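**Q** Fold the following, please.
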Amino acid sequence: NTDFFNGKLGLIRHGIQGPHLELTAYLGANLQGAAASADNLKFILNCLNYSFKIFYDLVSVDLPEYYEDHLTEWCAEFHRYLTFTSQFPEIIGDEDDTKPPLLANVQTSICNNLIVFIQKYEEEISKHLQQFVGDVWTILLSLSNGERHDRLASSAMSVLTNIATSVNHAMFETDNALKSICENIVIKNLEFREMDKDLFRDNGLEYIRRDIEGSDTDTRRRAACEVVTGLRKSYEERVTKIFAPYINALLEQYNKDWKKNWKSKDAALYLLSALAISGSTESRGATNTNALIPIVEFFAQHVLPELTGKLGSSLIIKADCLKFTTTFRQQLPKESYSTLITVCIELLKVSNFVVHSYAAICIDKLLSVRESAVGGAENSGNPVMRFQNNDLKPFLQPALAGLFAVLTQEASKENNYVMSAITRVLVVASGDVAPFATEVLNQIQAKMGQVYKNPSNPEFNHQLFESLAVLIRSLCVANASFISSFETALFPIFNGVVSEEITEFAPYVFQILSYLLELRPAGVSVPALYTQLMPKLLKHDLYAIQGNIPPLSRLLCSYIEKDPITACEVTFLQPLLGVFLFLLSSSISEKQAFELLTSISLSIPPE
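**A** Numbering: from 1, shown residues only. Down below sits the predicted model:
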């Protein structure tokens, strides 16, 4: 209840707002006296960190009158600690630390407070912003590139980003200010660090989550890109013209010595992406772009040669180029897709987790691009796949072989990016997969046999069954003779899932069995495999798991409709009615109860 929450929050504010400011000011007054003692300083800064976090909680909903009236005093305290320095390692940390030092935590809390004010209370904070821009700028110039300062650097850059997108953006309107931001803030924080290299090599999954999936909200690279995006909102043409020479300079450094200067190209690709993307979604990549950036030309000159091996790039640069291709897939011409699919199939052979995962992601996303049936953007009406099954046909077998081969690597045995790409290839290929159906089914069956006893990656499991469902739809709808092949291959595993109560897989199994039954032509007898399985599906324990109810009831309905003779036997009908009563006892499952009763009434002879 919002009113209740605001009422309670108001009582808390009223009780502590005065003492809160007094205590913070008292600690500040005693700061210099404590500066000579690491223990005393540590105590004061810890208290202040909590004080600034409390401040954030109290003003993040709305701005209380007391805090507005005393904002100048609070800003004086913020300024005091943004400019405070110390020589004690306990306070500022040392080069080997990975955790944020105490002073950095205090300054991060202050930056978070400034961000709230810039976003919500621009008028109240505006007269103090010039001072804070100087404070934040000094901090960013002084920070090391160590991991311990990542959160502070990210928060400080976020302050600049929010100012750049606010009514106070004129603070950055001069060319000198924009150049200084690019040189001293953006490029510096885009640099690929040793810790990033270690992550790329040793923990590829975490690298991908930070680089593509957006879990890098507190990283310098993401924050630096957001600074560029923020500046473009008010000064796109000028920002583009000022930043573009820096991209060219970085590329020239790389071309002089690619082995030594590969980090320059990495930074150039990041910076260009930040300049080029005006709008994007996860499903479609970049949807709107900066008209001043020649994306296709840049791709042809600096990205495609890296992927095709015409330049001797590092694996990191290949991964960057795959990411660039994935991001700007909508803007790239269809004529380049065949080359890109070929390149990605080759890069699936690379043992590095990030590279072969990015290659799989690129295949997945390229095959998902849609456009108007008469050409043009997806939203121009009647969208169709840009790269259709006839286009994919020459690459179908090597793509599937390459993707399944990746799943044999220890690090990628449950790689959900690869499994998603397999699903996408099967969707686009549709009936063209028939010549390879047996091999694909065997691969899926083998992978299910490996993972079903110890499921550990829900996304992989989902894509695994999704690919199976697509394969069934592609083959069995057009040719029912394939159904028995699927049943023979899958029943041993499915029976094990039900018998061993593998709850993670059970709903998928029930859905697949329902689908296979529904696809059986009328009048064709139901195999004994289903009849043998049915008693296990009538146990009430299965229906106690809510996720099992929809697919299980669907499976029972399908079985009743396809084999009413067996369904009317007493040994089956009585427990079936027991399931009906069990489902009817809960409002959550009563819909499925009546669906089951309908199937019984329509399919089983009344006599």
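**Q** Once you drop chain neighbours, what's closest to residue 139?
**A** What sits nearest to residue 139 in space, not counting adjacent residues and going by C-beta to C-beta, 6 or more residues apart in numbering, is residue 156, at 5.4 Å. The way it works is simple: take the backbone N, C-alpha and C, and place the C-beta from them, glycine included.
**Q** thinking that neighbour is in contact with residue 136, fair?
**A** Yes - proximity of residue 156 to residue 136 meets the contact threshold set by C-beta atoms under 8 Å, at 4.7 Å.
**Q** Check the contact lists of those two and give me the overlap.
**A** Counting by C-beta atoms under 8 Å, 6 or more residues apart in numbering, the residues touching both residue 156 and residue 136 are residue 111.
**Q** Compare these two (neighbour count), which wins?
**A** Counting neighbours by other C-beta atoms under 10 Å for residue 156 and for residue 136 shows that residue 156 has the greater number, 29 against 25.
**Q** The more buried one: what's it in contact with?
**A** 107, 111, 136, 139-140, 143.
**Q** repeat that with 10 Å
**A** Shown in contact with residue 156 (C-beta atoms under 10 Å, 6 or more residues apart in numbering): 82, 107-108, 110-111, 114-115, 135-140, 143, 149, 185, 189, 220, 223.
**Q** hmm, which of the residues you listed are the buried ones?
**A** When burial is judged by neighbour count using 16 or more other C-beta atoms under 10 Å, the buried members of the contacts of residue 156 are 82, 107-108, 110-111, 114-115, 135-137, 139-140, 143, 149, 185, 189, 220, 223.
**Q** longest helix in this structure, by residue count?
**A** Among all segments of the chain classified by DSSP state H, the helix with the greatest residue count is helix 220-256.
**Q** Buried ones in that helix, by neighbour count?
**A** So helix 220-256, judged by 16+ other C-beta under 10 Å, has buried residues 220-232, 234-235, 239-240, 242-243, 246-247, 250-251, 253-254.
**Q** State the mean pLDDT of that helix.
**A** Averaging pLDDT along helix 220-256 yields 93.
**Q** Report all helices and strands that that helix contacts.
**A** helix 150-164, helix 175-180, helix 187-190, helix 204-211, helix 262-276, strand 277-281 (3 or more C-beta pairs under 10 Å, 6 or more residues apart in numbering; DSSP states H and E).
**Q** Save these as TSV, and put in distance to residue 197 and mean pLDDT too.
**A** Listed next are these as TSV, based on distance: least, C-beta to C-beta, whole Å; pLDDT from 0 to 100:
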stretch	distance to residue 197	mean pLDDT
helix 150-164	15	94
helix 175-180	28	92
helix 187-190	14	91
helix 204-211	10	91
helix 262-276	9	94
strand 277-281	25	89
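**Q** Could you export these as a markdown table, including distance to residue 289?
**A** Output for these, formatted as a markdown table (distance: least, C-beta to C-beta, whole Å):
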| stretch | distance to residue 289 |
| --- | --- |
| helix 150-164 | 20 |
| helix 175-180 | 20 |
| helix 187-190 | 20 |
| helix 204-211 | 20 |
| helix 262-276 | 5 |
| strand 277-281 | 6 |
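**Q** picking that back up, now intersect the buried ones among the contacts of residue 156 with the helices, please.
**A** Checking these against DSSP H, those in helices are 82, 107-108, 110-111, 114-115, 135-137, 139-140, 189, 220, 223.
**Q** Confidence-wise, which of these comes last?
**A** Within those, pLDDT reaches its minimum at residue 220, with 88.
**Q** roughly how far apart are that one and residue 354?
**A** When distance is defined by C-beta to C-beta, to the nearest Å, residue 220 is 19 Å away from residue 354.
**Q** Repeat that for residue 85.
**A** Using C-beta to C-beta, which is the criterion applied here, residue 85 is 39 Å from residue 354.
**Q** The two - which one has more neighbours?
**A** Just comparing residue 85 and residue 354: by other C-beta under 10 Å the higher neighbour count belongs to residue 354, 24 against 9.
**Q** Could you identify the helix or strand that succeeds whichever strand or helix holds the more buried one?
**A** For residue 354, the element it lies in under DSSP states H and E is helix 353-366. The element immediately downstream of helix 353-366 (helix or strand, assigned by DSSP H and E) is strand 370-372.
**Q** circling back: could you tell me the angle between the longest helix of the chain and helix 262-276?
**A** For helix 220-256 and helix 262-276, the angle between their directions (axes from the mean of the first three to the mean of the last three C-alpha atoms, to 10 degrees) works out to 120 degrees.
**Q** mind checking pLDDT for the most centrally placed residue in the chain?
**A** The residue lying closest to the centre of the chain (C-alpha atoms, centre = their mean) is residue 213, at 2.7 Å. Predicted confidence (pLDDT) at residue 213: the value is 75.
**Q** that's a strand at residue 384, yeah?
**A** Yes - checked against DSSP: H, G, I helix; E, B strand; the rest coil, residue 384 lies within a strand.
**Q** Number of residues surrounding it?
**A** Counted by other C-beta under 10 Å, the residues lying close to residue 384 total 11.
**Q** What of the one 10 residues further on?
**A** Residue 394 has 12 neighbours, counted by other C-beta under 10 Å.
**Q** Would you check how far apart it and residue 436 are?
**A** Taking C-beta to C-beta as the criterion, residue 394 is separated from residue 436 by 13 Å.
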